[in-house]
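Participant: When you get a sec, could you give me coordinates for this:
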Amino acid sequence: LFVNMTSTIITGMLILFSGHWSIHNIINGLFQTTLSPTLGIPGWIIGMALLITPYFGFETVPQMVEEGDFPIKDTKRAICGSVLTCGLIYVFFYFCVAGLDSFSNLYKGDAANGFMTIINMKRVLGWTVWPVMYGFFSVFMGLGALIMGFWMFTVRMMYAMAEKNFLPEFFMILNKHHHPII
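Facilitator: This next block holds a predicted model:
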């Protein structure tokens, strides 16, 4: 997760100071969309609703508090810090990407069907190695953190289901630190 966040910040800074970034690209394309209205709802509002997807994974903070030596009274601060940190990093990164080129240029050709940021870093900036490294660091490392979060969640969910008699009792076996082991 930290590699993902660090590579996202570094890539955003490189894009911001690349000489290709312009605030006019953001202003001119602010409400442009390729999504058709659905039930009278404009496509850009539908796109905004999808912005919650970067927050998948922060649900592991309560488990960290429960299973670690993290003070219970600081749970709210840990969750809020996780959400705010993630939000600020993603807002910063998308701000940098949106200013890279005009909306119509960012979303043309192969970019419409693939990793838009990586393809446009190659096309607009001429970068060849960093987009691949960023794709690995951001996409695959982020997915790894997400999968680890779901694994942690699954163990707790199976334990809770066994407590409620939805699963056999052996899912409630704990180790010496009082953590589920099955």
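Participant: right, and the helix or strand after the lowest-mean-pLDDT helix or strand in the chain?
Facilitator: Using mean pLDDT, DSSP states H and E, the weakest-scoring helix or strand in the chain turns out to be helix 61-67, at a mean of 61. Along the chain past helix 61-67, the next helix or strand (assigned with DSSP states H and E) turns out to be helix 75-98.
Participant: how about the helices in this structure?
Facilitator: 2-16, 23-28, 43-49, 61-67, 75-98, 103-106, 116-125, 129-134, 141-163 (DSSP state H).
Participant: Out of those, which is the most enclosed?
Facilitator: helix 116-125 (a mean of 20; mean count of other Cβ atoms under 10 Å). The way it works is simple: take the backbone N, C-alpha and C, and place the C-beta from them, glycine included.
Participant: Which elements pack onto it?
Facilitator: With contacts defined as 3 or more Cβ pairs under 8 Å, 6 or more residues apart in numbering; DSSP states H and E, helix 116-125 has these neighbours: helix 2-16, helix 75-98, helix 103-106, helix 129-134.
Participant: try 7 Å
Facilitator: Using 3 or more Cβ pairs under 7 Å, 6 or more residues apart in numbering; DSSP states H and E, the elements in contact with helix 116-125 are helix 129-134.
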